[in-house]
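In: With the sequence up front, the predicted model follows.
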Amino acid sequence: MLRRRELVIPILFFFVATIFISFLQAEANPKMQKQSFGKTEDGQPTDLYILTNKNGMEAAITSYGGTVVSLKVPDRNGKIDDVVLGYDKLEDYAAGKAYFGATVGRYANRIAHAKFTLDGVTYTLPKNDGDNHLHGVFNKRVWDAKDVSGRDGQALELTYVSKDGEDGYPGNLSVKVVYTLTEQNELKIDYSATTDKDTVLNLTNHCYFNLSGQGNGDILQTQLMIRADRFTPVDATLIPTGELRSVKGTPFDFTTSTVIGARIEQDDEQLKLGKGYDHNWVLNNATPGSLLAAAQAYDPHSGRLLEVSTTEPGLQLYTGNFLDGIRGKGGKVYNRRNAFCLETQHFPDSPNHPQFPSTVLKPGQHFQSTTVYKFSAK
Ligand code: GLA
């Protein structure tokens, strides 16, 4: 029989080893941080989740609107900057109209005259953009959040049930958005949804990027490439006319990398209507379910490169034409053209354009969509 004293050393060794191993694991896999982001006006608590990876990249995401609040990325010298516009406080997100970093739905982008017909029924939506409906209300809702970190990296799952009739749309819609920050410096966004009644759906993320760092001036020197030979020209209210127009010989040709500012002030009817770029591009070779390279943006000052890939058929480039001195994070002021958005999506106003890829979701169908924003520096 072992005496008590002889057991002390192995037991002690066991405890020390366990503590040491869990310390090593914690070093290798730091846990996602969670902190309160305050309460909404009607008393709902919201949180801010900080996802990190081993390269020093960090994404802060709030359950309010499924919103990316900050995205910290190294430049060519390893210097970390926050490359997305946003606010410091929940109240500013609640009051804001710019959709900074938000998950946008039920229908991202515009629906003409705030009306569409589905299965013979005409649905009327709130008009919040002149005579049109724009972007829905998902960005002003509190989503349920869950840490689903795994082998791919730290991951945050956000879910929201949009009730039948909310914002005028038919069907109870269950939406899930999973943000994953990978070790390859990608922010991967996986969307999925189901409905109990025929509905329309278009989900996107509305990050405003400035690869030199948020609040650090305009994005006119950013070099942009979009893999699209065609775009959807718009009318005076930014609703697609239905035409898929070739970009050849127009300021909309980004098939080879071109600085955003090179042609933005040209005397072009479409640029005038958008007050700059605020248009949807028809991505080449888009195939449902295939994740394809869609665009890239390079900032020569910082060396940061953003590559966007998506399973979606369209991409809205918006050059911050309506930013008008908004006070954002850390007291920074955001003016016109101080950021660009690359919103992967279906085409605007698809419910009223039967020839566009369909945005109808039916009971029994499982909607799935992925977009990846990958960062590097050179
Ligand atoms: C979208 C629209 C723009 C503008 C922004 C939000 O990108 O296309 O016209 O409304 O959202 O300000």
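Out: Done, it's in.
In: can you tell me the distance between the two ends of stretch 216-226?
Out: Counting by CA to CA, to the nearest Å, you get 24 Å between the two ends of stretch 216-226.
In: Give me the contact list for it.
Out: 81, 209-212, 254-261, 264, 281, 283, 294-301, 315, 317, 319-320, 335-340 (CB atoms under 8 Å, 6 or more residues apart in numbering). Yep, even glycine has a C-beta here, placed from its N, CA and C like the rest.
In: Quick check: phi and psi on the residue of the chain found nearest the ligand?
Out: Residue nearest to the ligand within the chain: residue 318 (3.7 Å; CB to the nearest ligand atom). Dihedral pair for residue 318: phi -120, psi 130, per degrees, to the nearest 10.
In: Residue 369 sits in which helix or strand?
Out: Per DSSP states H and E: residue 369 is located in strand 367-377.
In: got the residue ranges for the helices in this structure?
Out: 4-28, 90-95, 269-274 (DSSP state H).
In: rewinding a little: just the contacts of stretch 216-226: which are in strands?
Out: Among those, the ones falling in strands (DSSP state E) are 81, 258-259, 281, 294-298, 315, 317, 335.
In: Now restrict those to buried residues only.
Out: By neighbour count, with 16 or more other CB atoms under 10 Å, the ones in strands among the contacts of stretch 216-226 hold 81, 258, 281, 294-298, 315, 317 as buried.
In: one step back: the inter-axis angle of the strand holding residue 369 versus strand 314-318?
Out: Orientation check (axes from the mean of the first three to the mean of the last three CA atoms, to 10 degrees): strand 367-377 against strand 314-318 gives 50 degrees.
In: Report all helices and strands that strand 367-377 contacts.
Out: strand 67-74, strand 186-195, strand 304-310 (3 or more CB pairs under 8 Å, 6 or more residues apart in numbering; DSSP states H and E).
In: per-residue confidence at residue 19?
Out: With respect to pLDDT, residue 19 has a value of 55.
In: nope, residue 12 is what I was after
Out: Value for residue 12, per-residue pLDDT: 57.
In: Show the contacting residues for the most centrally placed residue in the chain.
Out: Nearest to the centroid of the C-alpha atoms of the chain, with distances taken as CA atoms, centre = their mean, sits residue 205, at 2.2 Å. For residue 205, the contact set (CB under 8 Å, 6+ apart) comprises 68, 101-104, 189, 343-344, 371.
In: In a markdown table, list those residues along with distance to the ligand, pLDDT and neighbour count.
Out: Shown next, in a markdown table, are the contacts of residue 205 (distance: CB to the nearest ligand atom, whole Å; pLDDT from 0 to 100; neighbours: other CB atoms under 10 Å):
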| residue | distance to the ligand | pLDDT | neighbour count |
| --- | --- | --- | --- |
| 68 | 15 | 99 | 25 |
| 101 | 12 | 98 | 28 |
| 102 | 10 | 98 | 25 |
| 103 | 13 | 98 | 26 |
| 104 | 8 | 98 | 24 |
| 189 | 16 | 98 | 23 |
| 343 | 6 | 98 | 24 |
| 344 | 12 | 98 | 27 |
| 371 | 15 | 98 | 24 |
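In: Using a markdown table, lay out the residues you listed together with distance to residue 138.
Out: Converted to a markdown table, those look like this (distance: CB to CB, whole Å):
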| residue | distance to residue 138 |
| --- | --- |
| 68 | 14 |
| 101 | 13 |
| 102 | 7 |
| 103 | 6 |
| 104 | 6 |
| 189 | 13 |
| 343 | 14 |
| 344 | 16 |
| 371 | 16 |
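In: What is the distance between stretch 197-210 and the centre of its chain?
Out: The chain centroid and the centroid of stretch 197-210 are separated by 8 Å under CA atoms, centre = their mean, to the nearest Å.
In: swap in stretch 140-159?
Out: With CA atoms, centre = their mean, you get 14 Å for stretch 140-159.
In: same check, this time on stretch 347-361
Out: Distance, centroid of stretch 347-361 to centroid of chain: 21 Å (CA atoms, centre = their mean).
In: just stretch 62-81 next, same as before
Out: 12 Å.
In: hang on, isn't residue 44 packed against residue 143?
Out: No. Between residue 44 and residue 143 there is no contact under CB atoms under 8 Å: 10.5 Å.
In: which of these two has more neighbours?
Out: Ranked by neighbour count (other CB atoms under 10 Å), residue 44 and residue 143 place residue 143 first, with 23 against 12.
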